[in-house]
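K.L.:
my questions concern the predicted model and sequence given below.
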Amino acid sequence: MKKQTYYIGLLILATIVTSTSCKKEFLTRTPLGALSEDVLATPSGINGLLVGAYAALDGQDLGASQAWSGSVTNWIWGSVAGGDAHKGSDAGDQAPINPIATWSITPSNPMAADKWVVTYGGIDRVNAVLKVLPKVKGMSADALKNVEAQALFLRGHYYFELKRFYNMVPWISDSTKDFKQPNNVDIWPNIEADFKFAFDNLPETQSDAGRANKWAAGAYLAKTYLYEKKYAEAKTLFDQVISQGMTSKGVKYDLLPGIEDNFRPEKELTSPENVFSVEMAANVGTGSIDNATMGDMLNYPYGDSPFGCCGFYQPTVDLANSYRTDANGLPYLDAYNEHAVKNDIGILSSKPFTPDAGNLDPRIDWTVGRRGIPYLDWGIHPGRDWIRDQDFSGPYAPKKNIWWHATEQYHDNNSWAPATAINYYIIRFADVLLMAAEAHAQTNDLPGALTLVNRVRTRAANPAGWVYQYKDNSNPAAGFSTEPAANYVIKTYASFPTQDFALKAIYFERKLELGMEGVRFFDLSRWGIAAKVLNDFFDYEGSLIGDVKGGHFTAGKNEYFPIPQSEIDKTTIGGKATLTQNKGYQ
Amino acid sequence: MKLETRKLAICFTVLLFLFSSNIVFGQKTVTGKVTDETNNPLPNVSVTVKGTSNGTVTDANGNFSLNVPAGRNLIEVSNVGYGTQEISVSGKTSVGTISLVADSHTLNEVVVTGYTSQLKKDITGSVSVVNVQDMNKQPTGSLANQLQGQASGITIIGSGQPGETPQITIRGINTFGNNTPLFIIDGVPTQNISDINPNDVASVQILKDAGAASIYGSRASNGVVIITTKQGNGKVKVTYDAYYGTQRPKSGNIWNILSPQDMAQLKFNALANSGTPVSAAHPDALYGPGPTPTLPDYIMPTGAHEGDPSVDPKLYNVNPEYSEADDLAGFYRIVKANKAGTDWYHEVNKPAAIQNHNLSVSGATDMGKYFFSMEYLNHQGTVLETYLKRYTVRANTEFNVSKRIKVGENLSYSITDNNRITPGEGSFIGMALREQPIIPVHDIMGNFAGTFGGQLGNAQNPVSDAYRTRNNNGLNNRLFGNIYADVDLIQGLTFHTSFGGESYAGIYHSFQYPTYENVENASKNSYSESSYYGYNWTWTNTLNYRKTFGDHRVSVLAGVEAYDNNYRNMGGTTPNYFSFDPNYVNLSTGSGTPTTYSGRSTDGLWSQFGRVDYSYKDRYLVSGTIRRDGSSKFVNEQYGVFPAVTAAWRLSQEEFMRNISWLSDLKIRGGWGIMGNQLNVNPSNGYYTYSSDKNSSYYDIGGTNNSIQQGFQAGQIGNPDAKWEKDINTNIGLDATLFQGKIDLSVDYYVKNIKDLLFNPALPATAGRGIAPYVNIAGMKNTGIDMQLAGHFNISKDLKFDGSLSLTTYNNTITKVTESSNYFLSGDSRRFGQSINRNQVGHSIGSFFGYQVLGFWNDQAEIDAANAQAAKATGDETAIYQTDIGLGRFRYKDVNGDGQITDADRTFIGNPNPKLTYGVNIALTYKNFDFSMFLYGSQGNDIWNNVRWWLDFYASFAGAKSSTALYDSWTTSNYNARAPIQENKGYVSTNGVPNSYFIENGSYLRAKNVTLGYTFSPQVLKKAFINSFRIYVQAANLFTITKYTGADPQVGGGYIDGVSSVTDFGVDEGTYPTTRNFLIGVNLKF
């Protein structure tokens, strides 16, 4: 038995030895395919983190429930919710947009959280830059400052979006440890501070067209002042931006010859109108459309059109009617719906239709795709055959987001729905001019305001920038004739007799110039006229088109979107909510 | 990692070396023969030296030869179905012929449990033993599907798709993530049994409570299934088993789809109900100006009639294999309307064949034993282009190196080719239920027809979808098994070492064809190929000591185990092919920019464990186990300790019970223990990382319009403090044998409390988009009863009856989610845009959540009254009771009684977890005939019938609709309707939000299998050198009793990213049907 005891003893010993000496290394496995913070504390590493912070601008791949509801283009939140556009498609498709369009949105609407989620995603990217920045070695002080100022510019932008969507939101900085922060402090001062730092520290030109420069920061700071109703500060700064500003590529700010030029990717690098835009790129070799306009992937004509998907984002009858001009070439600021533009509701494409022959602002045909008018170089818009459900969402098609057949390289078909390389403008120079006009009007400089508005109208009146009939309707590729596609009559304002009139004209000019660009609702909200304008819209449009019938905007509540219920839930501590719901949504 | 592996290997080699020298002690050899009552030799009978693990089995002639150590005088002879005998060998070297008496109870069965085996009567934990013969009768290649209803305590939910892994849970749902039990096949742990040939299986045991399972501590929380594969015995034996059959899809109008004329009428009704009626001034593009719809002769060109110049075939221009996106714009399609209606269900569901062939050779000599088998399975799916083809070979051998040393191996190799679909709206089934019947399969030239034109919804032609996958396939192969050695060190002390694992790899390729027939076409063509490979190994070393001192019996087990797991994958896609010829396309021949990906992961476990079993007078049994596990997935707290204790009392051995004649055996058992889990944790969970991704973190900062620059983003948000999840388990049960073994009963009641449940709750958006870490915060509780009842009766000399019932209940309750939230949402949001599953404290996982439908708003007065009530309750005169309130729409229940319907009125409206699942096996033998039937039932589970969303509401996309929508929807003359008023817009008050309209009782009882067999008598067969020959006919899924209105109540597990999920199941989205099968089969032995 002694021998056996010896063996057992040895075995136990061996067991102990093996289990203590081998386990530690065996159980240590570092992450694969990932980087640690130290590896990124280099000039190229910090630049990569900064590029990552820019990459969040488009709102894609940041946890939104849908590509479109997190999209930077705000086509749902700015345009559909603002009366510019119908959701489009048919009733059951993307149904959560219906209550957004009719302002019956609730905090648990699945899309309500998307803008919140993607925007804080962007803020997290910025904060990563700011966290690693102090550890970076081998960079000049100027270069470091440039990185920091770009990062703060982006953070300013992200918080600006949150502010105008939700009003009260928590401020998360690079030093925030606990992410369950309350929304009990107004963050306008923080946003101002970020843009101020960026304005003071950014260079006038940048190596890359997509980077923010000093003047982008200046314009955004002035826009912030405008939203805060600090008109005097806004006016001063806008004037400086208009007189001295240049693009990141060093081109002095100005308007392009035609409004449509803004939506042509081949013109963006040299465009004087580009203050700050989100860079979209098509066919980048990823086999996906995530770097192109993925957020607008549904927004192309339907039916037997050549686009494929999906008949969303249809301009409203109300928007189209706004482009009616009077004999003086000026818009009907109040009674435009009484001078409605003729449309093809109820008429089959196989039956004849003659488009409206009355006076029109030429911008209508760069903003609203309508029957009988050339649809870029895709042919004459056939009306109902390209519309998914005319009864539900009206007769029109979007246009500013559509690529030209001749520049097929900007079309990305790497998905079930198309996308393009058309940039989205966070601020373009026409917008700066109209914001400046507003600041001038608010500070009672009516002639100054008039000059600015007329500068925008003068560009619109330039026949070089109009839509013309095709030489041959059956062969659009043959180009355009010299015959305008409609009866375009547009003139500048002779004068602004009163401040009220000036503001009304400026507000209307923004609708015409920036229609279908995702800004309308935010303008209505900050002007305090959303309830009046939108309820009139629901009355008029709802009598014609099914989807917005019964819509109602509640003043004092709907000026902001609800704080997402899912975020309130996720930040509750011990049954007590950290976030406070906006007024009226509790 | 290589270095560590090698180091460990050295460590183990040292360990093994210690046992390599052979040790010899005094002993003698005893021989004998075992027969049954009628003197027929009994092969494979277990003969052991009592009180030791020394044992052997009899050969084909019933003979055995056993080494009996000095000092041992009793041998024990036992066999399933016979009474055990103890024989004294004192002073003998031969015991002559031992005749065993038939005894149908199973107490003396040897059951393989954790790292060792036990007599069933000695088991103190909760173990289900599966009747493998009954199990093997199910005509499916999947072992998991065969297990359904065959053992208590295990719940299996799956659909009829060949090769689809069902959701398998043991005693309820234990985690929010992966609930698959740990399978131990011949001692090797794995999570995958999909390619195990069920014919190779000798035994299946399910370890359900901590007492039985926590010896597998770290990974036992989901339960453990021990599978032992066959070993050879006796003379050379060749068996051939085969069946061939046909699977018949259900006939008839499965989804009650309307005819084209009725579809048009429904459209007219809905437009009229929405205030935009069809009229001469407002005609319909397809169906004319009304008042009644007229079907067109052509759907493309839209609404054209015969004779119209636009339908001249000369104009036709479609190139189905176009490669330029631009070509699409130039096509001219001509498609005739199918006025009779296309039956899309039967266009994608066709009768399909199933066949299985299995050949095995086995035998044993005194030098060792061997078992060799091969299998061919070809299970065609009834849905187009789905199938499972599998080839497996197995070789199990064992060699007696010396009297004390046995060395063996179990190895199987499988090749699988399995094309499947993921059910859901995008699948062929999902499209078949949506594609309108007026659309024909083909256009006038034989190319595919579809929704092009935009008047007929946006579904895709499911036949063309399926046809385009015809060349897509893959091949998976897997080598699984182990090598092992058993060394008897000294009397009663056995050393066992096993090194096993798996090495697997697979490849898949597919071609994406451009489409042209649909309204939403994909114009891109591309080819994709992907592959993966992985391996893992487990090295187990155990020492087992057994000793009997008088009335005391002790068994001690100690062991160490290491597990190492590695996985890699890669794949790529290239677009733009000059030719779509399958022989031409590969990743290199496309002209577009290829994209690639790859990934890998690794993790390891290191464990020590021990177990002590003690019994006194066979009456009082106690057992204790402890296991300590370390996991590489944890950083600060790598180790967890998992103890368990159990005890049992065999009352029937007590004096006061001995006189009860009908009670043969009665044992009560109880136990407590802890099991662990870490399956769901991502290997890099403990570390903060950054990553880059071309889609999300790259950006065209240069404004180039066609290129992107590298950018970085947060990767994993690390939680270095994560630790083992603990499943605290209490079990009480009894085992009884009644009427001399005619009836066996086993009942268990259990409570499982899962603490420190590892969960990765979604972080607040303010924390950014890094991957949320797993943290130990959630909790869950399961209680339930398992019962197994079996009876064996000889009704007359020729007529025998066997019956068994297994019954499983579980009640799952979430006890905690996170510090801040008492619920989390899960599952696909479907077309509601919001989740239908809410997992909330106090409710079962996967519960359905939404508004409760009370009825319809039948008149304006009702609406006015409700609005007045809302105005009163809110003090707001303009308040309305319910969003989108309207005539004929749903009236929801005001759950919180505040006078208004808000988000707060959503409530739990259904639970997909069955309250009870059961299986009944009935077998009758009359002379040479055998008849058997297996019934399976599921009771108390709800199904979310999402098919209704598509078919019962006109506004849910312009697809096909059901007869309910036209004939049983609300109108002013039909208040007792099933569906609400049909309108051209979806509303919160109709189909816009999850509500109870979609909930149905999913209970069903199904005759899974009815078999009639005939065995030829041996005399007839002898001349043909056949030992036995049985032929049978079988019908699977012969009938189903259910109130469920959908196509099939056997709805598969839910899917999240194609993976079966416990947080999203019981949802019918056009489930893969379980078909009625008719088979003929043979069992041959030579």
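P.N.:
Looks like it came in fine. Numbers count the residues shown, from 1 in each chain, chains lettered A, B, ... in the order given.
K.L.:
list the contacts of the closest residue to chain A within chain B.
P.N.:
Relative to chain A, the nearest point of chain B is residue B:768 (2.6 Å; CB to the nearest CB). Glycine gets a C-beta too; all of them are placed from N, C-alpha and C. When contacts are counted by CB atoms under 8 Å, 6 or more residues apart in numbering or on different chains, residue B:768 touches A:120, A:121, A:123, A:124, A:125, A:127, A:128, B:714, B:717.
K.L.:
let's see 10 Å
P.N.:
A:56, A:62-63, A:120-128, A:172, A:179, B:713-714, B:717 (CB atoms under 10 Å, 6 or more residues apart in numbering or on different chains).
K.L.:
inside helices: which ones of those?
P.N.:
A:120, A:121, A:122, A:123, A:124, A:125, A:126, A:127, A:128 (DSSP state H).
K.L.:
the first one - how many residues pack around it?
P.N.:
A count of nearby residues for residue A:120, using other CB atoms under 10 Å in any protein chain shown, gives 28.
K.L.:
wait, doesn't it sit right on residue A:169?
P.N.:
Yes - contact criterion CB atoms under 10 Å: residue A:120 and residue A:169 qualify, at 8.7 Å.
K.L.:
overlap in contacts, those two.
P.N.:
In contact with both residue A:120 and residue A:169: A:159, A:162, A:567, B:766, using CB under 10 Å, 6+ apart.
K.L.:
just the residues you listed: which are in helices?
P.N.:
Reading helices off those with DSSP H, I get A:159, A:162, A:567.
K.L.:
from those residues, which has minimum pLDDT?
P.N.:
Among these, residue A:567 carries the weakest pLDDT, at 93.
K.L.:
tell me if I'm right that that residue and residue A:113 touch.
P.N.:
Yes - contact criterion CB under 10 Å: residue A:567 and residue A:113 qualify, at 6.1 Å.
K.L.:
quick check: neighbours shared by those two?
P.N.:
With CB under 10 Å, 6+ apart as the test, residue A:567 and residue A:113 both reach A:107, B:765.
K.L.:
for residue B:406, which non-adjacent residue is spatially closest?
P.N.:
residue B:486 (4.5 Å; CB to CB, 6 or more residues apart in numbering or on different chains).
K.L.:
was I right about that neighbour contacting residue B:402?
P.N.:
No - judged on CB under 10 Å, residue B:486 makes no contact with residue B:402 at a distance of 11.2 Å.
K.L.:
which of these two has more neighbours?
P.N.:
Taking other CB under 10 Å, residue B:486 and residue B:402 do not tie; residue B:486 has more neighbours (20 against 12).
K.L.:
which strand or helix spans the more buried one?
P.N.:
When elements are assigned from DSSP states H and E, residue B:486 belongs to strand B:473-490.
K.L.:
that strand: what's the following helix or strand?
P.N.:
Toward the C-terminus from strand B:473-490 - assigned by DSSP H and E - lies strand B:493-512.
K.L.:
hmm, that following strand in reach of chain A?
P.N.:
Yes - on the criterion CB under 10 Å from any CB of the partner chain, strand B:493-512 is in touch with chain A at B:493, B:495.
K.L.:
now that strand and strand B:473-490, what's the angle there?
P.N.:
180 degrees (axes from the mean of the first three to the mean of the last three CA atoms, to 10 degrees).
K.L.:
if we can go back for a sec, filter the ones in helices among the shared contacts of residue A:120 and residue A:169 down to the ones close to chain B.
P.N.:
The residues of those that also fall near chain B, by CB under 10 Å from any CB, are residue A:567.
K.L.:
doesn't residue B:150 make contact with residue B:204?
P.N.:
Yes - using CB under 10 Å, residue B:204 is in contact with residue B:150, at 8.3 Å.
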